[in-house]
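S.K.: got a predicted structure here, sequence first:
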Amino acid sequence: MRIPKLESLLYVCNRIIARIPSHTIRLAFYRQVMKFDIAPSSHVFMDAWFDSPRNFSLGSHSVINQKCRLDTRGGIRIGSSVSISAECVILTADHDPQSPACEAREKPVVIEDYAFLGTRAMILPGVTVGRGAVVAAGAVVTRDVPPMTICAGVPARKIGVRQAELNYRVDYGRLFF
């Protein structure tokens, strides 16, 4: 059973703070109240949804677009120059279907530098998306994605490889997002 104080904090975070059209106010709340480690040069757009305080880090020059669900219970670490498109879901917790009590379990997710997640991609618990990997829109990632791999589908499968040496910054914060 959840503690009412935690439920209140998550309510304020997801229903009030996430909808404030001020990036500065949202990031201040995420850093100071939720205790998230977010680099000063990164952006979290409106309507991001978090499942737990703490257990979240976002590297420099990375962007999380609007309406993403970030299940931080098991821990999420996102590297630098990462672009996470709108409505992506990153899950770190599930239930063991083989357990008689359907016990909960948590596994951290890692998104390494220069990765790109397309719109509505879903990353399941325990997955690492390697450096420079691309996850196509709508893909469901059930296993680790090797560096520089392009994957798509349900479940996600390798469809290609990025060829370029990556050296860019993801810097597209917007005034009211």
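M.R.: Everything's here; your move.
S.K.: what's the separation between Val140 and Asn14?
M.R.: Here Val140 is placed at a distance of 23 Å from Asn14 (Cβ to Cβ, to the nearest Å). C-beta coordinates here come from the backbone N, C-alpha and C atoms, glycine included.
S.K.: ok, Val135 next?
M.R.: 24 Å.
S.K.: so which of the two has more stuff around it?
M.R.: Per other Cβ atoms under 10 Å, whichever of Val135 and Asn14 has more neighbours is Val135, with 27 against 16.
S.K.: residues contacting stretch 84-92, please?
M.R.: 45, 55, 62-76, 78, 106-109, 111, 116-126, 137 (Cβ atoms under 8 Å, 6 or more residues apart in numbering).
S.K.: quick check on the residues you listed: which are buried?
M.R.: 45, 55, 62-65, 67-76, 78, 106, 108-109, 111, 116-118, 120-126 (16 or more other Cβ atoms under 10 Å).
S.K.: all helices of this protein, in order?
M.R.: Using DSSP state H, the helices of the chain run over 4-11, 23-32.
S.K.: what residues sit buried inside the longest one?
M.R.: Right, the one you point to is helix 23-32. Buried, per 16+ other Cβ under 10 Å, within helix 23-32: His23, Arg26, Leu27, Phe29, Tyr30.
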